[in-house]
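Asks: sequence first, predicted model second:
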Amino acid sequence: YSCRLYSQTLQTAQRSIHIFIIVRLFLFSGDEQLQNPVYRFINFLHPLTKEDIIKRELLFSEGDSIQLELVEESMRNLRKLNFIGDVSIKIDSLSLSKVNLVVTTHDKSTKGLRTNFNSTGGLNKADLGYKDSNLMGMGIKVLVNYNYRSDRKNPHGTKIQFDDKRIFNSYWRSLFQYKNAEELNIQTLLFERIFYRENANWAASIYGDKGKALDRIYKAGEVISEQSISSQNISSWFSKSWGSKHKIRPILFYSHNRSTAKQLQLLPFEDIDFVGIGFNSLSRKFKTVRFIDQMGRMEDQPTGYSTSFFIAPNVNRSSPTNYFSQIKLTTAFLFMDKFYSALDFSYIHFDIKNTPSNQTFGFKTHHYIKAPFKQTIGVRTSLLVSKNGAERQQIILGATTGLRGYSAFENSGSNRFIGNIENRDLPELDR
């Protein structure tokens, strides 16, 4: 989607916002589209995003001094909303000391009804669901789903999700999820306050879940063993941020897990109470491009670097795990507005009593080249290496994990590499 920011040649830092106007557009807003009765009827059925939902993403108010970096970051906030498409903020000069801002947003379709019935080789499947990412224009996501598989011992499955990213117009997100199926029965609750802006002072999270899962071991796509595991998880973290261009964010975190089963082979992150500290250092800028993930639509991609380090002793003395540590490195750059590259490295280490350390290495690369004739070439690789992992930590490769043309769980092992090359046609680049 296109995004336009009109700035003036005068020094805007010395000028204040007299008033800002929010213009909200329906799904179909063009003159030709509005002449079509079908499009008008769809607009009639679509609840327009409420003005308060748009306003709460803006990082400026009437009377503030105009700062272009806050205007640009406000547009990024709006583009993050999956129910908003086109975004523009126009700055109109009133005088040498005052400006007006006109914020224009274009709604996207957020409702989805899913129906699927299939019967093949004696296997009967059904899938019914409804999803709305912008319930009644309030920015709330709801999902209700029912599925049926005749090859399950318990053939019925349900899923309910409620997600409000700005509960009571605060910066806190609330998420509730209930899922009941043969493979997984879980209830999840999350309260989270992210760094809602680049210069936000602090962020925090509280998470909890409880449920049962079928833990399966696969060989050549076939289940060779399975056991039911009951578990409960509680975790929380708090982070403070300092700095402007180069940010430093120390983190305090706690993670609790209790798992039980008839014959349970404990993993390093089960039956633990980690109390730890972390450190994050980052410096990044966002570049507005149209040729990477959004198929020719406007998107914001970070450039720069981020490094993180975490370490936590296990205060649960009955657990075999002594401590946990993790290192993460991320860097990305954009060259000549036509080549975007991102690299991610991670290392996770569990020190275990009387046992070799459990280690996992991960490395990912993403490269995108804007080619002629509305084309984008994407090259992505992913490497995952496990050392001294338990049998339950086997790495799966198949259709559900990114390998097209193969059955789910068809390949398993302790190491995995995925490479992908795509040539994408992006008609939206004409816009």
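Replies: Nice, thanks for sending it over.
Asks: could you look up the SS state of the nearest residue to Asn316 once chain neighbours are set aside?
Replies: Spatially, and ignoring its direct neighbours in sequence, Asn316 is nearest to Asp273 (4.2 Å; Cβ to Cβ, 6 or more residues apart in numbering). C-beta here means a position set from N, CA and C on the backbone, and glycine is covered the same way. Following DSSP: H, G, I helix; E, B strand; the rest coil, we place Asp273 in the strand state.
Asks: wait, Asp273 sits on Ser235?
Replies: No. Taking contact to mean Cβ atoms under 8 Å, the distance of 10.6 Å between Asp273 and Ser235 leaves them out of contact.
Asks: name the residues contacting each of these two.
Replies: Overlap between the contact sets of Asp273 and Ser235, as judged by Cβ atoms under 8 Å, 6 or more residues apart in numbering, is given by 254-256.
Asks: packing partners for the helix or strand where Glu69 lies?
Replies: Here Glu69, judged by DSSP states H and E, is contained in helix 68-80. In this structure, helix 68-80 makes packing contacts with strand 5-6, strand 84-93, strand 98-107, strand 299-313, judged by 3 or more Cβ pairs under 8 Å, 6 or more residues apart in numbering; DSSP states H and E.
Asks: check which element follows the first one along the chain.
Replies: On the C-terminal side of strand 5-6, the closest following helix or strand by DSSP H and E is strand 16-25.
Asks: with the longest one instead?
Replies: With elements assigned by DSSP H and E, the helix or strand that comes after strand 299-313 is strand 321-335.
Asks: quick one: contacts of whichever helix or strand comes after that next one?
Replies: Beyond strand 321-335 in the direction of the C-terminus, DSSP H and E gives the next helix or strand as strand 339-352. The set of residues external to strand 339-352 that reach it, using Cβ under 8 Å, 6+ apart, is 268-269, 287, 289, 291-292, 301, 320-335, 357-370.
Asks: next, the angle from strand 339-352 to strand 321-335.
Replies: Per axes from the mean of the first three to the mean of the last three Cα atoms, to 10 degrees, the angle that strand 339-352 makes with strand 321-335 is 170 degrees.
Asks: and strand 339-352, what's buried?
Replies: By neighbour count, with 16 or more other Cβ atoms under 10 Å as the criterion, the buried positions of strand 339-352 are 340-352.
Asks: go on, stretch 112-120?
Replies: Along stretch 112-120, no position meets the burial threshold by neighbour count (16+ other Cβ under 10 Å).
Asks: gap between it and the chain center?
Replies: Using Cα atoms, centre = their mean, to the nearest Å, the distance from the centre of stretch 112-120 to the centre of the chain it belongs to is 26 Å.
Asks: state the mean pLDDT of that stretch.
Replies: Per-residue pLDDT values over stretch 112-120 give a mean of 87.
Asks: pull that stretch out as CSV, backbone CA atoms only.
Replies: Once non-C-alpha atoms are left out, stretch 112-120 reads as follows in CSV (Å, rounded to 0.1, in the frame of the first residue of the first chain):
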residue,chain,number,x,y,z
GLY,A,112,-13.0,-14.7,7.3
LEU,A,113,-15.3,-17.7,7.2
ARG,A,114,-13.6,-21.1,6.7
THR,A,115,-15.4,-24.2,5.6
ASN,A,116,-13.8,-27.4,4.4
PHE,A,117,-15.1,-30.9,4.1
ASN,A,118,-13.1,-33.8,2.8
SER,A,119,-13.3,-37.6,2.6
THR,A,120,-10.4,-39.5,1.1
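Asks: what residues does that stretch touch?
Replies: Counting by Cβ under 8 Å, 6+ apart, the neighbours of stretch 112-120 from elsewhere in the structure are 124-132, 145.
Asks: and those, which two are furthest apart?
Replies: Pairwise distances across those (Cβ to Cβ) peak at 28.3 Å, for the pair Asn124 and Asp132.
Asks: which one's more surrounded, these two?
Replies: In terms of neighbours (other Cβ atoms under 10 Å), Asp132 is the more surrounded of Asn124 and Asp132; the figures are 17 against 14.
Asks: which residues touch the residue nearest to that one when sequence neighbours are not counted?
Replies: If you skip the residues right next to it in sequence, Asp132 has Lys111 as its closest partner in space, 5.0 Å away by Cβ to Cβ, 6+ apart. For Lys111, the residues meeting the contact criterion (Cβ under 8 Å, 6+ apart) are 130-132.
Asks: give me the subset of these lying in strands.
Replies: Per DSSP state E, strands hold the following members of these: 130-132.
Asks: how is Pro268 assigned, secondary-structure-wise?
Replies: If you use three-state DSSP, then Pro268 falls in the coil class.
Asks: what are the phi and psi angles of Leu81?
Replies: For Leu81, the backbone dihedrals are phi -70, psi 120 (criterion: degrees, to the nearest 10).
Asks: same check, this time on Glu391
Replies: Per-residue torsions, Glu391: phi -60, psi -40 (degrees, to the nearest 10).
Asks: what residues are bridge-paired with the closest residue to Ile395 other than its chain neighbours?
Replies: Excluding its sequence neighbours, the residue lying closest to Ile395 (Cβ to Cβ, 6+ apart) is Arg416, at 4.6 Å. Residues found in beta-bridge contact with Arg416 (criterion: DSSP bridges) are Leu384.
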